[in-house]
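1. No letters, just coordinates:
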């Protein structure tokens, strides 16, 4: 039984796996990490291993507690990955992007893959059918776009994602929703279109906190899974164990 931990900037996601079957899922704020991990470990006292990746900062006390309970593998740039990293600055490539690329490589073998992670930032990562990671793109996520309009203007209000948006905004609020949400949709569809021109057999994976919201509004055929990073950690952990 494996516990996978994804430490983000403000929240932590956790999943329990038995082989490739997800048994449980948890999500909580980083400020409540210690209490939640104690409860999880009480519920799952027979864990065999923990695999953790982090782009945020996990308190040292929390990390020490996790490591004291079960064998813990922390994914880093020095971990074994199932692809060849051709990024020109590999040491700057985010661990979350590397884990997602690994999951796509292992779950969709011998395919060209475009992984889109719609979270705090929107990241695009491309792994070709030869299992070569070539790079991608980074842009502001939906929440950052709303916040930036409020931060860098004197009169635009701070809004949050809305189900009610249209092309022609007939008020300041609806114009903001139109610009941000349609802008993200057009951006993603534009990237997919450009990658598809060069790769007829492209597999598109959409994940992240805004994946479900966006999946319903994108025209392209995609594999949408908001927790793909946790599943990727499970697959990567198995890969590392098999190739040690």
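-> Great, that's in hand. Since we're looking at a predicted model, the values are computed, not measured. Residues are numbered from 1 along each chain as shown.
2. distance between the ends of stretch 172-184?
-> Stretch 172-184 stretches 18 Å from its first residue to its last (CA to CA, to the nearest Å).
3. where exactly do the helices run in this structure?
-> 33-43, 60-69, 95-107, 142-151, 172-177, 183-198, 211-215, 228-242 (DSSP state H).
4. pLDDT averaged over the fifth one - what is it?
-> The one in question is helix 172-177. Mean pLDDT, helix 172-177: 96.
5. Now tell me what touches that helix from outside.
-> 146, 149, 156, 157, 159, 162, 164, 165, 166, 169 (CB atoms under 8 Å, 6 or more residues apart in numbering). (Each C-beta comes from the backbone N, C-alpha and C, glycine too.)
6. tell me which residues of that helix are tucked away?
-> 174, 176, 177 (16 or more other CB atoms under 10 Å).
7. would you list those in TSV and tack on distance to residue 207?
-> Output for the buried residues of helix 172-177, formatted as TSV (distance: CB to CB, whole Å):
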residue	distance to residue 207
174	28
176	26
177	23
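8. from those residues, which is closest to residue 3?
-> residue 177 (38.3 Å; CB to CB).
9. how much space between the closest residue to residue 220 other than its chain neighbours and residue 154?
-> Nearest residue to residue 220 in three dimensions, chain neighbours excluded: residue 192, at 5.0 Å (CB to CB, 6 or more residues apart in numbering). Distance from residue 192 to residue 154, counting by CB to CB, to the nearest Å: 36 Å.
10. Neighbour count for the two, which is higher?
-> Legend: neighbour count by other CB atoms under 10 Å for residue 192 and residue 154, higher for residue 192 (21 against 5).
11. surely that one meets residue 214?
-> No - using CB atoms under 8 Å, residue 192 is not in contact with residue 214, being 11.5 Å away.
12. Buried residues, stretch 133-147. List them.
-> Across stretch 133-147, burial judged by 16+ other CB under 10 Å covers 133, 136, 139, 140, 141, 142, 143, 144, 145, 146.
13. ok, and what's touching that stretch?
-> 83-88, 97-98, 101, 114-115, 118-128, 148, 158-161, 176, 180-181, 183-184, 187, 191, 208, 210.
14. Run the chain-centre distance for it.
-> Remark: stretch 133-147 is offset 11 Å from the chain centroid, using CA atoms, centre = their mean, to the nearest Å.
15. quick one: the residue lying closest to residue 44 once chain neighbours are set aside from residue 204, how far?
-> Residue nearest to residue 44 in three dimensions, not counting chain neighbours: residue 16, with 5.8 Å by CB to CB, 6+ apart. With the distance defined as CB to CB, residue 16 ends up 28 Å from residue 204.
16. Next, work out how far apart residue 206 and residue 87 are.
-> Distance from residue 206 to residue 87, by CB to CB: 21 Å.
17. Ok, residue 194 next?
-> For residue 194 relative to residue 87 (CB to CB), the value is 19 Å.
18. Show me what the nearest residue to residue 3 once chain neighbours are set aside is bridged to.
-> What sits nearest to residue 3 in space, not counting adjacent residues and going by CB to CB, 6+ apart, is residue 50, at 4.7 Å. Counting by DSSP bridges, residue 50 forms beta bridges with residue 3, residue 72.
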